[in-house]
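Undergrad: The following comprises the amino acid sequence and a computationally predicted model.
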Amino acid sequence: MADLLKKEIDSILKKYENPEESLIGVLQDVQTLDGYISRNSVEYITEKTGIPSSRIMGVASFYAGFRLKPVGKYRIMVCMGTACHVNGAERIGDTVKRILNIEEGDVTSDGLFSWEEVACLGCCSIAPAMMINDTAYGTLTPDKVQKIIDSIREEESK
């Protein structure tokens, strides 16, 4: 584990009077460092605080907001909520999978994209919907999804 990451985690731990009681906050802060909670980070937190790694992993794996695997620069979340489901969300997920040529939860080899299905994005009025990072896209069709991803790739290649 890089010394810089250790220093950043040390800083995070100092913010909390009792890291075990504030474990969710600690993990949220650690996740902001690399976009996910690495096994090395968990082991370091255990080393510094004495909190068993099984407890840390139990919390991290229980809450959907925590990621235990790296994500791409562009994190695509395809909504599978009721409104999106009845309006073709499965087709949107299949399209993202085909375009990126990766399984849900994986990252493209260039590190640009990852994708996942989520329970609800709260964008029911524009179903089917997806978010890429903080931007929502709605009334999606396979063609629209292709254009959105192509546009990001084009922008990245400049």
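TA: Looks like it came in fine. Since the model is a prediction, treat every value here as computed from it, not as a measurement. Residues are numbered from 1 along each chain as shown.
Undergrad: For the residue in the chain sticking out farthest from the centre, give me the pLDDT.
TA: Residue distances from the centre of the chain (C-alpha atoms, centre = their mean) peak at Glu17, which lies 27.8 Å from the mean C-alpha position. Looking at Glu17, its pLDDT reads 93.
Undergrad: Please report phi then psi for it.
TA: phi -60, psi -40 (degrees, to the nearest 10).
Undergrad: and it, how far is that from Met131?
TA: Per C-beta to C-beta, to the nearest Å, Glu17 is found 35 Å from Met131. (Each C-beta comes from the backbone N, C-alpha and C, glycine too.)
Undergrad: again, but for Glu21
TA: In terms of C-beta to C-beta, Glu21 sits 32 Å off from Met131.
Undergrad: neighbour-wise, which of those two wins?
TA: Met131 (18 against 10; other C-beta atoms under 10 Å).
Undergrad: Which helix or strand contains the more buried one?
TA: Using DSSP states H and E, Met131 maps to strand 130-132.
Undergrad: Indicate each strand paired with that strand and its parallel or antiparallel sense.
TA: strand 74-79 (antiparallel), strand 135-137 (antiparallel) (DSSP bridges).
Undergrad: can I get these in CSV with mean pLDDT and distance to Asn40?
TA: Putting the strands paired with strand 130-132 into CSV (pLDDT from 0 to 100; distance: least, C-beta to C-beta, whole Å) gives the following:
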stretch, mean pLDDT, distance to Asn40
strand 74-79, 96, 21
strand 135-137, 97, 31
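Undergrad: For those, state which one has the densest average packing.
TA: With neighbours defined as mean count of other C-beta atoms under 10 Å, the strands paired with strand 130-132 peak in mean count at strand 74-79, which reaches a mean of 23.
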